[in-house]
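Visitor: Sharing a model prediction with you, sequence too.
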Amino acid sequence: MDFRQLRTFSCVAELGSLSKASDTLRVAQPALSRQIKLLEHELRTELFTRNGRGMVLTEAGRLLLARTSGIVRQIDQIRDDIQSAKGPPSGQVVLGLVPTVSCVLSARFARRSVERFPGISLRIVESYSGHLVEWLHRGEMDLAILYGRSADLHLNVESLGRDNIVAVGPRGCGLSRKKSVDIGWLLRQRLVLPSHSHGLRALIEHAAAQRKIKLNVQLEADSFRVLTSLVEEGLGFALLPPSSVHGEVADGRLETAPVSRPMTRELIFASPIDRPASTASLAITALLREEVAACRKEGLWDIKLS
């Protein structure tokens with residue numbers, strides 16, 4: 001296997017199409033097809049299933065992608081770092097954000113990144129903490145802001161502080177008139193929650209178990225935007241960080257109130273522990289710290305320092 005074959009394989013796997021990969025890599029389709037066939041011949045197995053919809057990875061292809069995608073990115077970053085040594089930072093940076101952070105940071109941070117570092121191609125991936133940790137370990141992501149206990153992740157981590165959880169309800173529910181709501185009362189209401197695989201759900205389930213309360217969950221939503229829209233429709237209460245619904249509260253579409261027994265989650269910067277950060281990644285990390293500090297100063301993000 002050589003690097004050109006692996007880079008072609010990685011690009012086709014990501015895009016699911018030889019024609020799209022050809023446009024991205026600026027290489028003719030017959031040449032790309034030949035590289036894939038040489039790679040399959042060397043490994044003595046098919047890596048893709050070809051059909052009318054494009055190229056779909058076989059089980060062997062998925063294994064190869066998992067083992068090599070991080071390697072391909074590291075080699076690309078070495079090239080970018082050498083070029084950056086003679087000028088401003090360049091190359092691609094993949095930034096992961098949990099949904100409740102993404103809704104606060106993504107747009108404004110992307111604007112600052114484009115203005116400050118025009119040579120950096122920033123890719124923002126929104127997902128839950130478990131997925132982000134997996135992609136960091138596999139080398140498919142450069143850095144992330146996520147929730148979790150920093151000591152358990154086997155990553156380079158920096159604590160940002162603890163994010164509060166508040167009660168969230170529809171307009172007219174009365175939460176905005178309360179100084180706080182009793183956590184026992186809240187847990188007995190009809191709730192709209194993420195599924196059991198989500199860290200926030202585990203936190204809420206633990207609080208209910210401590211009080212021997214059976215949760216009334218008729219609707220689940222693993223999409224943050226779907227979850228808040230269900231609350232807007234009056235289909236239940238939710239528990240979320242206040243920063244994540246700042247706009248909806250300001251517009252009068254949702255109401256919030258602190259809970260009587262504070263519920264918090266640790267928010268952290270995380271990056272892979274087994275490889276050095278690229279020049280572009282270090283630049284984005286520094287800019288991200290500035291943006292988080294700005295959000296705190298502007299009152300958009302109520303994170304309590306650890």
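Guide: Arrived safely.

Visitor: buried set for stretch 211-222?
Guide: 215, 217, 220, 221 (16 or more other Cβ atoms under 10 Å). (C-beta placed from N, C-alpha, C; glycine too.)

Visitor: ok, for the last one, nearest residue in space, not its chain neighbours?
Guide: The spatial neighbour of residue 221 that comes closest, neighbours along the chain excluded (Cβ to Cβ, 6 or more residues apart in numbering), is residue 227 at 4.0 Å.

Visitor: all helices of the stretch 201-306 of the chain, in order?
Guide: 224-232, 246-250, 279-297 (DSSP state H, counting those that start in this stretch).

Visitor: Need those in a markdown table (columns: mean neighbour count, distance to residue 56 and mean pLDDT).
Guide: Conversion of these to a markdown table gives the following (neighbours: other Cβ atoms under 10 Å; distance: least, Cβ to Cβ, whole Å; pLDDT from 0 to 100):
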| stretch | mean neighbour count | distance to residue 56 | mean pLDDT |
| --- | --- | --- | --- |
| helix 224-232 | 19 | 28 | 91 |
| helix 246-250 | 16 | 39 | 89 |
| helix 279-297 | 17 | 31 | 90 |
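
Visitor: Quick one: these as a markdown table, columns for distance to residue 67 too.
Guide: Below are the helices of the stretch 201-306 of the chain laid out as a markdown table (distance: least, Cβ to Cβ, whole Å):
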| stretch | distance to residue 67 |
| --- | --- |
| helix 224-232 | 32 |
| helix 246-250 | 42 |
| helix 279-297 | 22 |
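
Visitor: Please name whichever of the ones you listed is nearest to residue 9.
Guide: Across these, residue 9 has its closest neighbour in helix 279-297 (23.7 Å, Cβ to Cβ).

Visitor: sorry, back to before: surely the residue nearest to residue 221 and residue 191 touch.
Guide: No - applying Cβ atoms under 8 Å as the test, residue 227 and residue 191 come out as separate, 10.4 Å apart.

Visitor: What segments of the stretch 1-150 of the chain are strands?
Guide: Under the criterion DSSP state E, counting those that start in this stretch, the stretch 1-150 of the chain contains strands at 48-51, 54-57, 91-97, 120-126, 143-147.

Visitor: Now do the first one: which elements does it pack against?
Guide: For strand 48-51, the helices and strands in contact under the criterion 3 or more Cβ pairs under 8 Å, 6 or more residues apart in numbering; DSSP states H and E are strand 54-57.

Visitor: For residue 214, which non-adjacent residue is spatially closest?
Guide: That would be residue 208: by Cβ to Cβ, 6+ apart, it lies 7.3 Å from residue 214.

Visitor: That neighbour: what's it in contact with?
Guide: 187, 214, 215 (Cβ atoms under 8 Å, 6 or more residues apart in numbering).

Visitor: can you put those in TSV and add distance to residue 92 and pLDDT?
Guide: As requested, these are exported to TSV (distance: Cβ to Cβ, whole Å; pLDDT from 0 to 100):
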residue	distance to residue 92	pLDDT
187	44	91
214	47	91
215	42	91
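
Visitor: Using CSV, lay out those residues together with distance to residue 295.
Guide: Formatted as CSV, these follow (distance: Cβ to Cβ, whole Å):
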residue, distance to residue 295
187, 30
214, 37
215, 32
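
Visitor: Skipping adjacent residues, who's closest to residue 24 in space?
Guide: Closest to residue 24 by Cβ to Cβ, 6+ apart is residue 11, at 5.8 Å.

Visitor: And the pLDDT for that neighbour?
Guide: At residue 11, the pLDDT value in this model is 86.

Visitor: can I assume it is in contact with residue 21?
Guide: Yes - look at residue 11 against residue 21 with Cβ under 8 Å: they come within range, at 4.5 Å.

Visitor: And what about residue 172, helix, strand or coil?
Guide: What DSSP: H, G, I helix; E, B strand; the rest coil gives for residue 172 is coil.

Visitor: How many residues are close by it?
Guide: By other Cβ atoms under 10 Å, the residues close to residue 172 number 10.

Visitor: So for it, what's the pLDDT?
Guide: 93.

Visitor: Could you do residue 306 as well?
Guide: 54.

Visitor: in the chain, what spans have low per-residue confidence?
Guide: 150-151, 304-306 (pLDDT under 70).

Visitor: Show me the longest helix that occurs in it.
Guide: Across the chain, the longest stretch assigned as helix under DSSP state H is helix 59-84.
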